[in-house]
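K.L.:
please find the sequence and the predicted model below.
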Amino acid sequence: MIRKPLLGIFLLSLCTFIFISCSDDDDVRDPSGTITLNMLNEDNGKTFLGTSGTYINNSNNFKTTSNFIIDAGSRAGVGVKIEPQINNLAQEVAVSTGHLYQIFDKATLREFASGKQAIQIEAGYYNVYVVSPIVNNSVTAGAVIKYVLVYPETKGLPENGKIIGNLNYAGEKVEFTLPQDAECYFEEHWGSGEKGAFDVKTVDGKLTIDLLKSSDKTYGPYGTYNIYIRKGNVFTTVRLNIGL
């Protein structure tokens with residue numbers, strides 16, 4: 001009489017285990033666009049990874065000069081859900097089987113006054129997974145890798161390049177509501193006449209920019225000004241036009 005309930009519990013547990021296992025497998029399936037590459041090191045052909053300029057050097061390290069790379073640690077595959085890891089960026093890291101790496105274009109990263117870095121919302125970066133080493137006559141000749149181009153989540157930030165206002169005359173202002181917990185930076189054109197032309201403040205999540213001097217295409221201020229807005233590890237650029 002006791003065995004039937006126990007058997008039922010066992011089967012239920014087994015089904016639950018299989019369901020969870022399948023769910024985990026789904027999480028690490030190779031995303032659409034994943035490329036498998038036999039990446040030979042510097043001594044055996046020097047295969048480059050996509051358009052990143054990254055290769056494996058003769059010390060069997062990933063090496064890049066024009067970008068940044070980070071070792072995100074041991075992971076289950078190239079399809080794991082992981083945000084951009086933009087701390088401890090390097091240009092050379094060891095190639096480790098079973099590890100996930102991320103490669104970023106330097107031009108897509110920005111450091112804010114808080115000291116925190118972020119990646120532009122529309123900027124692609126590579127997730128790279130090391131499947132296994134390539135061994136030739138007992139010598140490591142490179143690695144089998146999988147990589148895919150991915151994009152960061154926008155986290156509610158406005159689209160990159162959005163125009164938030166046009167100002168021409170002293171006394172005009174523009175107001176813009178920032179996402180919660182956002183950090184922003186107004187970039188002035190040093191030397192083009194805008195000194196003392198703007199009053200920029202953020203109060204209760206609202207960015208206000210007052211124009212204190214009328215636009216002047218000879219002496220300034222004039223042109224397009226960038227405002228960088230960061231939320232977490234991503235940022236966007238919105239723009240303000242003066243005298244256009």
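P.N.:
Arrived safely.

K.L.:
contacts, neighbours, all on C-alpha from now
P.N.:
OK.

K.L.:
which residues sit against stretch 149-158?
P.N.:
33-34, 83-84, 119, 121-127, 179, 229, 231, 234-236, 238 (Cα atoms under 8 Å, 6 or more residues apart in numbering).

K.L.:
okay, now the domains of the protein?
P.N.:
31-150, 163-242 (automatic domain parsing).

K.L.:
quick check: which ranges of the chain have low pLDDT?
P.N.:
1-27, 190-194, 244 (pLDDT under 70).

K.L.:
same thing but 80
P.N.:
The chain contains residues with pLDDT under 80 at 1-27, 189-195, 219-220, 244.

K.L.:
in it, what residue spans correspond to helices?
P.N.:
3-27 (DSSP state H).

K.L.:
so how many other residues sit close to the residue nearest to D105 when sequence neighbours are not counted?
P.N.:
Sequence neighbours aside, N67 is the residue nearest to D105 in space, at 4.8 Å (criterion: Cα to Cα, 6 or more residues apart in numbering). By other Cα atoms under 10 Å, the residues close to N67 number 18.

K.L.:
isn't N67 right up against Q91?
P.N.:
Yes. Judged on Cα atoms under 8 Å, N67 makes contact with Q91 at a distance of 6.9 Å.

K.L.:
tell me the gap between stretch 119-137 and the middle of its chain.
P.N.:
Averaging C-alpha positions (Cα atoms, centre = their mean, to the nearest Å) puts stretch 119-137 14 Å from its chain's average.

K.L.:
can you say which of the contacts of stretch 149-158 are buried?
P.N.:
Neighbour-count burial (16 or more other Cα atoms under 10 Å) is assigned, among these, to 34, 84, 119, 121-127, 179, 229, 231, 234-236, 238.

K.L.:
just the ones of the residues you listed in strands?
P.N.:
Here DSSP state E is the test, and these give 119, 125-127, 229, 231, 234-236, 238 as lying in strands.

K.L.:
would you mind giving those as CSV with distance to I134 added?
P.N.:
As requested, those are arranged in CSV below (distance: Cα to Cα, whole Å):
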residue, distance to I134
I119, 33
Y125, 25
Y126, 21
N127, 20
I229, 44
K231, 41
V234, 36
F235, 38
T236, 40
V238, 46
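
K.L.:
so I229 sits against Y185, correct?
P.N.:
Yes. Using Cα under 8 Å, I229 makes contact with Y185 at a distance of 6.6 Å.
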